[in-house]
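everything below, folded, please.
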Amino acid sequence: VKVLLLISFLYSNIYPNIFEKDCLSCHKNKKELKFFMINYTLSYSSEEKVKEAIFNFLKSPTSHKSIMSASFIIKYGFKNSSNLDDKQLKKAIDIYYKRYNLKQFIR
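Reported below is the predicted structural model:
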């Protein structure tokens, strides 16, 4: 059992998941990621709607689909649409939601 845990730990540190590899490389500010999740939750409320909105925005980022204020968009702009295929992007969004959804902070 200890060997399996050690192998699992080493594997997760050597091979980062899709979210760590493709999202955290740019979004290193954890406060920013929490802020995004707060805005998505306030705008869309349910997990399904939040994930759908994030997916749609990342596939085709526009100010109409953004949850950020105009001043934030003017200051930081938009990144290009995601290069991930739909399956990878949904997996990354699932990981993001699991880490930053507001339910885990309310106890």
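
which residue ranges of this structure form helices?
For the chain, applying DSSP state H gives helices covering 2-14, 18-22, 30-44, 47-59, 70-76, 86-100.

how far out from the middle of the chain is the shortest one?
When you say that, I think you mean helix 18-22. When distances are taken as Cα atoms, centre = their mean, to the nearest Å, helix 18-22 is centred 9 Å away from the chain's centroid.

now that helix: mean pLDDT?
Mean per-residue pLDDT for helix 18-22: 82.

can you tell me the centre-most residue of this structure?
residue 96 (3.8 Å; Cα atoms, centre = their mean).

surely that one and residue 33 touch.
Yes. Counting by Cβ atoms under 8 Å, residue 96 touches residue 33, with 7.2 Å between them. C-beta: built from backbone N, CA, C; applies to glycine.

separation between residue 71 and residue 77?
12 Å (Cβ to Cβ, to the nearest Å).

my bad, residue 96
Taking Cβ to Cβ, one finds residue 96 at 20 Å from residue 77.

where's the residue nearest to residue 59 when sequence neighbours are not counted relative to residue 56, distance?
Once flanking residues are discounted, residue 59 sits nearest to residue 81: 5.8 Å by Cβ to Cβ, 6 or more residues apart in numbering. According to Cβ to Cβ, residue 81 and residue 56 sit 11 Å apart.

off-centre distance for stretch 46-59?
Taking mean C-alpha positions (Cα atoms, centre = their mean), stretch 46-59 and its chain are 10 Å apart.

which parts of it are buried?
Using 16 or more other Cβ atoms under 10 Å as the test for burial, stretch 46-59 gives 50, 51, 53, 54, 57, 58.

go through these and name the one nearest residue 43.
For the buried residues of stretch 46-59, the residue nearest residue 43 by Cβ to Cβ is residue 53; the value is 7.1 Å.
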